[in-house]
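A.B. asks: fold the following.
(one chain, ligands or ions: 1)
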Amino acid sequence: MPDTASQTSNRPPLPPEIGRRRTFAIISHPDAGKTTLTEKFLLYGGAIQMAGQVRAKGEARRTRSDFMKMEQDRGISVSASAMSFDYAGHRFNLVDTPGHSDFSEDTYRTLTAVDAAIMVIDGAKGVESQTRKLFEVCRLRDLPILTFCNKMDREARDTFEIIDEIQDSLAIDVTPASWPIGMGADFLGCYDLLHDRLELMDRADRNRLAQSVRLDGLDDPRMAEHIPASLLGQLRDEVQMARELLPAFDRQSFLEGHLTPIWFGSAINSFGVRELMEGIAEFGPPPQPQRANREVAPEETPVAGFVFKVQANMDPKHRDRVAFVRLASGHFQRGQKMLHVRSGKQMTVSAPVLFLAADREVTEEAWAGDIIGIPNHGQLRIGDALTEGEALKFTGIPSFAPELLRAARAGDPLKAKHLDKALMQFAEEGAARVFKPMVGSGFVVGVVGALQFDVLASRIELEYGLPVRFEPSQFTSARWVSGDKAAVEGFVNANKGHIATDHDGDLVYLTRLQWDIDRVGRDHPGVVLTATKEMHA
Ligand code: G4P
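C.D. replies: From the prediction side, this is the model:
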């Protein structure tokens with residue numbers, strides 16, 4: 001297919017292999033239909049053979065992309081993983097985001113690895129709290145967003161109302177890519193406004209894609225063969241109104257994150273899924289330049305990439321760790337020697353893996369935009385850069401100050417040392433902050449959301465065989481300490497009982513009160529306390 005979409009107006013043409021890549025994430029409030037949509041993408045992308053492989057029937061909700069038992073039990077997706085598949089001449093890299101609000105930090109980092117996001121909303125519920133939060137994260141990075149309004153086979157809100165709500169509450173322009181015909185039990189399908197096609201839902205077979213009828217516009221008399229007169233009149237009126245009131249699709253505005261095209265559909269009925277996939281292929285951005293100490297363009301020949309996620313013990317049988325690397329530039333080949341910038345050491349990447357649903361496959365090559373997994377023994381950490389020699393530092397991969405702190409206690413005191421090791425491993429993985437206080441023993445563990453303590457305890461028990469308790473800590477906040485060397489030394493000496501180091505050895509100030517944090521600003525003018533830390537060497 002001619003790939004006009006692989007060019008964005010002000011950038012040079014990309015090599016075709018890079019230009020055909022689309023790396024994106026799906027964001028949604030829990031229950032809006034992200035898992036179902038993911039499954040349909042994998043199905044029509046040929047990564048799975050039949051629906052139901054992602055979500056085992058009758059069991060708690062889970063996807064094959066959920067690796068851990070915990071999330072299967074709870075029906076939440078805790079970890080992010082990447083799945084690759086081909087569709088319509090494009091290579092799609094779908095990065096799974098954790099759906100639960102407690103994992104927003106992980107989600108944030110995941111979104112640093114993608115070029116676009118699909119926002120799924122429930123047609124009856126509209127924009128929900130988690131949609132809003134995730135949207136804000138996308139906005140911070142100006143990510144282009146495609147919107148999918150799901151569950152149109154159920155009673156949904158009025159179409160204009162849904163669009164208005166998105167425009168008002170998210171402050172983004174919305175343009176309808178399709179327009180629903182009927183709703184709930186009367187939902188027939190959509191009129192595709194971008195291609196003048198009628199898309200009819202197959203109610204008899206949930207896994208059959210829509211029947212597509214090409215038309216010469218809304219006045220085409222063939223419309224009446226498929227749509228009852230009452231709905232047809234309504235459709236024509238509504239579309240006319242929409243064309244008068246709402247902005248037309250403008251690719252540049254979409255790519256800049258100002259305008260979102262919206263498709264209406266029903267993921268469970270496979271309706272709207274193909275149109276959405278075509279939308280990503282046709283309009284979605286190809287791999288974009290990545291922010292580092294300089295901008296790294298995808299078409300640059302030297303290979304460079306950064307770690308945005310580390311997952312330990314994915315396969316409990318092999319105690320391995322996989323670092324997920326977003327390739328920022330070049331054409332990577334298996335066995336390639338890469339510079340691990342943080343350590344200054346060379347590293348031969350001999351078994352890079354691509355993730356095809358639950359199966360990991362060693363890949364011979366990958367291009368800018370792809371996400372590869374690199375099994376390793378702990379050398380690779382979040383924020384690390386791999387290059388062909390340049391000392392690149394990728395930026396914008398923050399570590400947030402935890403909002404909840406607890407003291408970790410080994411269930412078996414004889415195994416305290418093992419617990420220390422396990423905690424450090426999770427800290428390196430980015431699953432928690434682990435602070436070693438200067439005074440006293442033990443560790444203070446910090447997370448962004450309370451559920452993370454349960455996940456940690458369960459993983460430590462499952463993966464290391466160590467029972468652990470997280471007990472209330474005397475501290476409630478943590479801030480990273482930086483600034484003038486002498487001032488920092490003076491500050492540390494005066495506050496020993498509040499100082500700890502994180503797993504990178506960086507200084508952290510632990511406290512109970514916001515007031516303390518404000519006071520430091522006054523009493524120690526050369527000291528800077530920050531709530532985020534850039535994760536790079
Ligand atoms: P999530 O990952 O965003 O949390 O949502 P998920 O796909 O798990 O979907 C949440 C629920 O919504 C599921 O029902 C799913 O079957 C249903 N659903 C998804 N898409 C549609 C749709 O287009 N129409 C309708 N009517 N329902 C849809 P559940 O009862 O929670 O789970 P299950 O019993 O189906 O496994």
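
A.B. asks: I'd like the distance between the residue of the chain most remote from its centre and E155.
C.D. replies: The outermost residue of the chain relative to its centre, with distances by C-alpha atoms, centre = their mean, is P221 at 44.0 Å. Counting by C-beta to C-beta, to the nearest Å, the gap from P221 to E155 is 31 Å. C-beta: built from backbone N, CA, C; applies to glycine.

A.B. asks: next one: R132
C.D. replies: In terms of C-beta to C-beta, R132 sits 23 Å off from E155.

A.B. asks: quick check: residues of the chain near the ligand?
C.D. replies: 28, 30-36, 55, 61, 99, 150-151, 153-154, 266-269 (C-beta under 6 Å from any ligand atom).

A.B. asks: restricted to strands, list those.
C.D. replies: 28, 150 (DSSP state E).

A.B. asks: now do the strands in the stretch 351-500 of the chain.
C.D. replies: According to DSSP state E, counting those that start in this stretch, the stretch 351-500 of the chain carries its strands in the segments 353-356, 359-362, 365-367, 371-376, 385-387, 398-400, 404-410, 433-437, 443-447, 468-472, 477-483, 499-501.

A.B. asks: can you redo those strands as TSV with mean neighbour count?
C.D. replies: Below are these laid out as TSV (neighbours: other C-beta atoms under 10 Å):
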stretch	mean neighbour count
strand 353-356	21
strand 359-362	13
strand 365-367	21
strand 371-376	22
strand 385-387	24
strand 398-400	18
strand 404-410	20
strand 433-437	23
strand 443-447	24
strand 468-472	14
strand 477-483	20
strand 499-501	19
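
A.B. asks: remind me which residues of the stretch 101-250 of the chain are low pLDDT?
C.D. replies: 101-105 (pLDDT under 70).

A.B. asks: looking at it, what residue ends up closest to the ligand?
C.D. replies: Across the stretch 101-250 of the chain, the shortest distance to the ligand (C-beta to the nearest ligand atom) belongs to K151, at 4.0 Å.

A.B. asks: hang on, isn't that residue packed against L37?
C.D. replies: No: counting by C-beta atoms under 8 Å, K151 stays clear of L37, with 10.9 Å between them.

A.B. asks: mutual contacts of these two, please.
C.D. replies: Shared contacts of K151 and L37 (C-beta atoms under 8 Å, 6 or more residues apart in numbering): A267.

A.B. asks: state the helix or strand in which A281 lies.
C.D. replies: Taking DSSP states H and E as the criterion, A281 maps to helix 273-283.

A.B. asks: how far away from the center of its chain is that helix?
C.D. replies: 19 Å (C-alpha atoms, centre = their mean, to the nearest Å).

A.B. asks: elements contacting that helix?
C.D. replies: Counting contacts by 3 or more C-beta pairs under 8 Å, 6 or more residues apart in numbering; DSSP states H and E, helix 273-283 is packed against strand 21-28, helix 34-44, strand 90-95, strand 116-122, strand 145-150, strand 259-264.

A.B. asks: packing partners for the last one?
C.D. replies: Going back to what we said before, that points to strand 259-264. strand 145-150, helix 159-170, strand 173-176, strand 178-181, helix 251-255, helix 273-283.

A.B. asks: residues making contact with the fourth one?
C.D. replies: The contact list for strand 178-181 (C-beta under 8 Å, 6+ apart) reads 152, 156, 159, 187-194, 199, 227, 231, 235, 238-239, 242, 262-265, 272, 275.

A.B. asks: likewise for the second one?
C.D. replies: The set of residues that contact helix 159-170 without belonging to it, under C-beta under 8 Å, 6+ apart, is 121, 123, 126-127, 132, 135, 147, 149, 156-157, 172-174, 176, 179-180, 238, 241-242, 245-246, 260, 262, 264.

A.B. asks: now with 7 Å?
C.D. replies: 123, 126-127, 132, 135, 147, 149, 172-174, 176, 179-180, 238, 246, 262 (C-beta atoms under 7 Å, 6 or more residues apart in numbering).

A.B. asks: please pull out the lowest mean pLDDT helix or strand from this structure.
C.D. replies: Least confident helix or strand, the chain: helix 69-74 with a mean of 43, by mean pLDDT, DSSP states H and E.

A.B. asks: pull the helix or strand just after that one out as CSV, backbone CA atoms only.
C.D. replies: Using DSSP H and E, the helix or strand that follows helix 69-74 in sequence is strand 82-87. Extracted in CSV, the C-alpha atoms of strand 82-87 (Å, rounded to 0.1, in the frame of the first residue of the first chain):
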residue,chain,number,x,y,z
ALA,A,82,4.7,-5.5,24.2
MET,A,83,3.2,-7.5,21.4
SER,A,84,4.1,-7.3,17.8
PHE,A,85,2.0,-8.3,14.8
ASP,A,86,1.5,-7.4,11.2
TYR,A,87,-1.5,-5.8,9.7
